[in-house]
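Peer 1: coords please:
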Amino acid sequence: MTASIAQAETCSGASSAPTTQGSAAPTRKRWSVAEVEALFALPFNDLLFRAQQVHREHFDPNAVQRSTLLSIKTGGCSEDCGYCSQSSRYDTGLEKEALLPLDEVLENARAAKAKGASRFCMGAAWRGPKEKDLTPVLDMVREVKKLGLETCVTLGMLKDGQAEKLKDAGLDYYNHNIDTSPEFYGQIITTHTLQDRLDTLDKVRDAGINVCCGGIVGLGETKKSRAALIAELANMNPPPDSVPINNLVQVEGTPLDGAEAIDPFDFVRMIAAARITMPESYVRLSAGRQQMDDALQALCFMAGANSMFYGERLLTTDNPDADADDKLFARLGLKSI
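Peer 2: Sure, this is the predicted structure:
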């Protein structure tokens, strides 16, 4: 299961001039890995200043979209993603559970809305949904939509026709992260390829569903690999509508337990690079917030993060409680959308 979902500027910070031939549409800048590395190499204050400038051109700089993520089917996944507590291949102490009943999902959705979430995300630990699994999920999407919430699901790799069914049910976003750079991918996951995930993203786009796609840092990757991840995301056509940047939450029993943690300032650099290269995308401060202090989170918002997961649980890991987030928003003068 995936971890817990624009145009671009040149590396110099000025918007790239669109090139046209006759009446052809402007071409979107493609980012090289070297250009993203050059962003990382900027003095920290210069990088944040540039990211904040880009952010203000496209978004209210003091507004943050808040989503709640619920695990609707926990554990027992056949994949071998090296970071994931839900893989059946690792002894993490997590028990396999059946798909949650609809009434329990709706109870959680109502609570999320009451606390201020605008989007309700549902995650299932599957390699990909079977048709018999998809049917109750479609009901969940329909009923959550009736509550006035945006909907998002992460179900793994989709078969032909499944994205269309989700669209017909009213799904707003499909989350399917690419996790890391193409070159590093095989060291983290071996049970499928990056192309498998890209194929699912194509199905989602073709069905007219918004794409939520990002990655994870702290997997033991190099800085170049982080730059390659950002370039891969930014060069999607179009870039994802929502880009979650996850800081690995290490889980005992997984192969990546004990991996070297990313420097906190380098994590902020990831947020800033995502904002500069994908200026029209929502950049989500995603997994790992429980391990961040308020000052680090504030730097991430300054760097252009304008989406977050809200609520005490993030699938199977802890997340800051809603009251703490409300207090942080008040201290920073942020508003939720």
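
Peer 1: Tell me which helix or strand in this protein has the weakest average pLDDT.
Peer 2: strand 313-314 (a mean of 50; mean pLDDT, DSSP states H and E).

Peer 1: all helices for the stretch 151-300 of the chain, in order.
Peer 2: Along the stretch 151-300 of the chain, the segments classed as helices by DSSP state H, counting those that start in this stretch run 162-169, 185-188, 194-206, 223-234, 264-277, 294-302.

Peer 1: most tightly surrounded among those helices?
Peer 2: Highest mean neighbour count among the helices of the stretch 151-300 of the chain (mean count of other CB atoms under 10 Å): helix 264-277, with a mean of 25. Backbone N, C-alpha and C define where each C-beta goes, glycine included.

Peer 1: Pull the residues that contact that helix.
Peer 2: Outside of helix 264-277, the residues within contact range by CB atoms under 8 Å, 6 or more residues apart in numbering are 6, 8-9, 13, 31, 36, 39-40, 44, 47-48, 50-51, 54-55, 214, 217, 223, 226-227, 230-231, 233-234, 239, 243, 245, 247, 262, 281, 283, 285, 288, 292, 296, 299-300, 303-305.

Peer 1: Who are the contact partners of the residue nearest to the spatial centre of the chain?
Peer 2: When the chain is reduced to its mean C-alpha position, the closest residue under CA atoms, centre = their mean turns out to be P244, at 2.4 Å. Contact analysis of P244 by CB under 8 Å, 6+ apart lists 4-5, 175, 177, 212-215, 284, 286-287, 307.

Peer 1: Going by distance to G253, which of the residues you listed wins?
Peer 2: If you rank the contacts of P244 by distance to G253 using CB to CB, A287 comes first, at 17.3 Å.

Peer 1: Identify the residue spatially nearest to that closest one, adjacent ones excluded.
Peer 2: In space, and not counting its chain neighbours, A287 is closest to N246: 4.0 Å by CB to CB, 6 or more residues apart in numbering.

Peer 1: State the pLDDT value of the one you found.
Peer 2: pLDDT recorded at N246 is 93.

Peer 1: Could you do L315 as well?
Peer 2: Looking at L315, its pLDDT is 56.

Peer 1: residue boundaries of the strands in the stretch 1-150 of the chain?
Peer 2: Here the stretch 1-150 of the chain has its strands, by DSSP state E, counting those that start in this stretch, at 63-73, 119-124, 150-154.

Peer 1: can you list those in a markdown table and add mean neighbour count?
Peer 2: A markdown table is the format used below for those (neighbours: other CB atoms under 10 Å):
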| stretch | mean neighbour count |
| --- | --- |
| strand 63-73 | 23 |
| strand 119-124 | 26 |
| strand 150-154 | 24 |
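
Peer 1: Nearest to Q195, out of the ones you listed?
Peer 2: strand 150-154 (18.5 Å).

Peer 1: How far off centre is that closest one?
Peer 2: Distance of strand 150-154 from the chain centroid (CA atoms, centre = their mean, to the nearest Å) equals 12 Å.

Peer 1: count of neighbours near the residue nearest to K115 when sequence neighbours are not counted?
Peer 2: Spatial nearest neighbour of K115, excluding adjacent residues (CB to CB, 6+ apart): A322 at 4.9 Å. Summarising burial for A322: neighbours were counted as other CB atoms under 10 Å, giving 19.

Peer 1: Then V141?
Peer 2: 24.

Peer 1: Please report how far E79 lies from T191.
Peer 2: With distances taken as CB to CB, to the nearest Å, E79 is found 5 Å from T191.

Peer 1: and E143, what does it touch?
Peer 2: 102, 105-106.

Peer 1: Between those, identify the one with the most neighbours.
Peer 2: Compared across the contacts of E143, V105 has the highest neighbour count, 22 neighbours, by other CB under 10 Å.

Peer 1: Having no further points to raise, I will conclude here.
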